[in-house]
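Asker: Structure for this input, please:
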Amino acid sequence: MKVRRKIIQIDEDLCDGCGQCVPSCAEGALQIVDGKARLVSEVYCDGLGACLGECPTGALKIIEREAEDFDVAEVEKYLHEKEKEATAQPAQVPCACPSSRIETFASPCEQANRPVSYGAQVPALSHWPVQIRLVPPTAPFLRDASLVVAADCAPVAYPNFQDLIRDKVVMIGCPKFDDVQEYVHKFAEIFSSNNIRSVTVVDMEVPCCSRLPLIVKKGLELAGREIPVEEIVIGVRGGILKQEALAAR
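Answerer: Numbers count the residues shown, from 1 in each chain. This is a model prediction of the structure:
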């Protein structure tokens, strides 16, 4: 039923698709679609404007208009379904796609003692898969791990990326084109199910990457955990522009 009430309005001309508003909406009412913030459904927006302060361009504002009434029951159902999707493990069948097969590799020392074709370089990757969407929260390599959560452009831009992931578990993804809310719930499940020691977020200097540390921090909040989080910002020309510890919210 439509009623006159307060609801979010998005100015598409001002929105740059950075996605900082998405994790700030506890009801999951916002998503990035085709590079712009969109309202998923009117019934999911409570009109309180928790997302407003996260928008760096001023593209969001609360207006009053005719809209479907906010529905708490629908929000809970929607978030429950999103959580189920985020925590669902890929089926382990003989013909399963290799990208979803869980593997733990030999330690760097063991690799160094084997004949390989890497020259002086020893691969630092210790596990598979690495895509955030494909890593099950119960993957054995997550136990007692130090995480590196990286934007998928970072390994291409930063020539010494292998040094950042050595002796750590790496997870990569694109916070602009993937489902941000799915990421939030995936990390919440990971933090709840494993004794994660620390998180290093490696993102790029571009605006859309700035949501990655917010996603991790939101996952920590949902899990009720306090874990040291560090952010490393990589420039588009390959250097480290910033490296700092992030304060808990």
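
Asker: and residue 186, that one's in a helix?
Answerer: Yes - checked against DSSP: H, G, I helix; E, B strand; the rest coil, residue 186 lies within a helix.

Asker: Near it, how many other residues are there?
Answerer: Residues contacting residue 186 under the criterion other Cβ atoms under 10 Å number 25. C-beta: built from backbone N, CA, C; applies to glycine.

Asker: That one contacts residue 132, doesn't it?
Answerer: Yes - counting by Cβ atoms under 8 Å, residue 186 does reach residue 132; the two are 6.2 Å apart.

Asker: Which stretches in the protein count as helices?
Answerer: 72-87, 108-112, 154-157, 161-165, 180-193, 211-223 (DSSP state H).

Asker: can you put those in CSV and add distance to residue 1?
Answerer: Converted to CSV, the helices of the chain look like this (distance: least, Cβ to Cβ, whole Å):
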stretch, distance to residue 1
helix 72-87, 13
helix 108-112, 61
helix 154-157, 47
helix 161-165, 52
helix 180-193, 26
helix 211-223, 31
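
Asker: of all these, which lies closest to residue 247?
Answerer: helix 211-223 (9.4 Å; Cβ to Cβ).

Asker: From the chain's centroid, how far away is that closest one?
Answerer: 8 Å (Cα atoms, centre = their mean, to the nearest Å).

Asker: before we move on, back to that, worst average pLDDT in the helices of the chain?
Answerer: When mean pLDDT is averaged over each of the helices of the chain, helix 108-112 scores lowest at a mean of 46.

Asker: Domain-wise, how is the chain divided?
Answerer: For the chain, the structural domains run 2-84, 96-114+122-246, going by automatic domain parsing.

Asker: what's around the closest residue to residue 26 other than its chain neighbours, how many residues?
Answerer: Spatially, and ignoring its direct neighbours in sequence, residue 26 is nearest to residue 50 (6.9 Å; Cβ to Cβ, 6 or more residues apart in numbering). By the criterion of other Cβ under 10 Å, residue 50 has 14 neighbours.
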